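S.K.: for reference, the sequence and a predicted model appear below.
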Amino acid sequence: MLGTATAVRGYLLVEEPGPWGPGALPASRLGEAVTTALKAVAARRGLKPLLVRRPHAAGRDPDGPRRLFLADCRRGAGALLTRLADPADLAVAAADEEGWSAARGPLLLVCTHGRKDWCCAVRGRPVVTALAALDAEAVWECSHLGGDRFAATVLALPGGAVHGHVEPDDAAALLAAVRAGRVLPAKLRGRCGDAVVVQAAEGHARLLLGEDRLEAFAPRRAERLPDAPGGRARWRVSFEAGGAPLEVDLREGRAPAQRLTCSAAGEQEARTWELEELRR
């Protein structure tokens, strides 16, 4: 799973109680005009748009005001803002620079977008239920996060850590880790604000060093090295960790061909990141 979080600087979250259609920002009762306008606002802000909804139907109001969130996941930022808006005014409110307030975080977003890929609904909803039983206010269902084969996938905001293959039994440990500014290294896909090669290098370092603090590694540089035999690309990622330099050398590989989503019609090879060396 290492190095598979979508590399984006942050998210625009738009509450839509559902149902959701297919697509990255799916069709919904918001209508095509509002959806297109929201996509444009997200693009101008440099954010990935997602639809979100409360974990249980009883908490969803199909006709009331919608909650909006702006999440900045860049390292050193960690900002999470929120506001309410009427359904017809969502794009205007999302573009407005005024009227936002700090949101109480962290938030845990679980992909349950079954119309995009049924893996996410089948594996995601039990995790939503388990997390919501512990802290319903912190948990939202969300539309497509990417990496359907790693469902259940959970995004923590504003830190941007993405975990995969999360099971209901992981709920308590994951919630406790996120609240404490930590991650679950064995479940970590990456941090969405980083390039994928940085995500992979940090993930390998965490597994080898047993480090779970979210901010334990500060990326400094990623550089391409001479290719490995067979033309496989090699990279060196430099970090500062605990006040000292740390270097991680990786080479790109290919996993055996497999169905990359539950809905895939055929098999494909996925990129992997293989550890060559870690140097303190």
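M.R.: Yep, it's here. All values derive from a computational prediction rather than experimental measurement.
S.K.: could I get the full set of helices for the stretch 1-150 of the chain?
M.R.: Using DSSP state H, counting those that start in this stretch, the helices of the stretch 1-150 of the chain run over residues 32-45, 90-95, 118-135.
S.K.: now these in TSV, with distance to residue 168 and mean neighbour count?
M.R.: C-beta here means a position set from N, CA and C on the backbone, and glycine is covered the same way. Listed next are the helices of the stretch 1-150 of the chain as TSV, based on distance: least, C-beta to C-beta, whole Å; neighbours: other C-beta atoms under 10 Å:
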stretch	distance to residue 168	mean neighbour count
helix 32-45	31	16
helix 90-95	32	19
helix 118-135	4	20
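S.K.: same list, the ones you listed, but as CSV with distance to residue 199 and mean pLDDT please.
M.R.: Listed next are the helices of the stretch 1-150 of the chain as CSV, based on distance: least, C-beta to C-beta, whole Å; pLDDT from 0 to 100:
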stretch, distance to residue 199, mean pLDDT
helix 32-45, 22, 90
helix 90-95, 28, 93
helix 118-135, 20, 92
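S.K.: and the ones you listed as TSV, adding distance to residue 21?
M.R.: Shown next, in TSV, are these (distance: least, C-beta to C-beta, whole Å):
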stretch	distance to residue 21
helix 32-45	10
helix 90-95	17
helix 118-135	13
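S.K.: quick one: closest of the ones you listed to residue 195.
M.R.: helix 32-45 (19.9 Å; C-beta to C-beta).
S.K.: what lies in contact with the closest one?
M.R.: Here helix 32-45 makes contact (C-beta atoms under 8 Å, 6 or more residues apart in numbering) with 10, 12, 14, 25, 27-28, 30, 48-49, 70, 87-88, 90-91, 94-95.
S.K.: which pair of these spans the longest distance?
M.R.: Among the contacts of helix 32-45, 10 and 88 lie farthest apart (C-beta to C-beta), at 24.9 Å.
S.K.: what number of residues lie near residue 249?
M.R.: Counted with other C-beta atoms under 10 Å, the neighbours of residue 249 add up to 17.
S.K.: list the contacts of it.
M.R.: Per C-beta under 8 Å, 6+ apart, neighbours of residue 249: 225, 234-236, 275-279.
S.K.: which one is residue 85 nearest to, not counting chain neighbours?
M.R.: Among residues not flanking residue 85 along the chain, residue 93 sits closest, at 3.5 Å (C-beta to C-beta, 6 or more residues apart in numbering).
S.K.: surely the one you found meets residue 99?
M.R.: Yes: Residue 93 sits in contact with residue 99 when judged by C-beta atoms under 8 Å, with a separation of 7.0 Å.
S.K.: where do the contact lists of those two overlap?
M.R.: residue 83.
S.K.: ok so, going back, so which of the contacts of helix 32-45 are in strands?
M.R.: 10, 12, 14, 48-49, 70 (DSSP state E).
S.K.: any chance of those residues in CSV, plus distance to residue 188?
M.R.: Formatted as CSV, these follow (distance: C-beta to C-beta, whole Å):
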residue, distance to residue 188
10, 19
12, 24
14, 27
48, 19
49, 24
70, 24
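S.K.: nearest to residue 271 among those?
M.R.: Closest approach to residue 271 among the ones in strands among the contacts of helix 32-45 (C-beta to C-beta): residue 48, at 20.4 Å.
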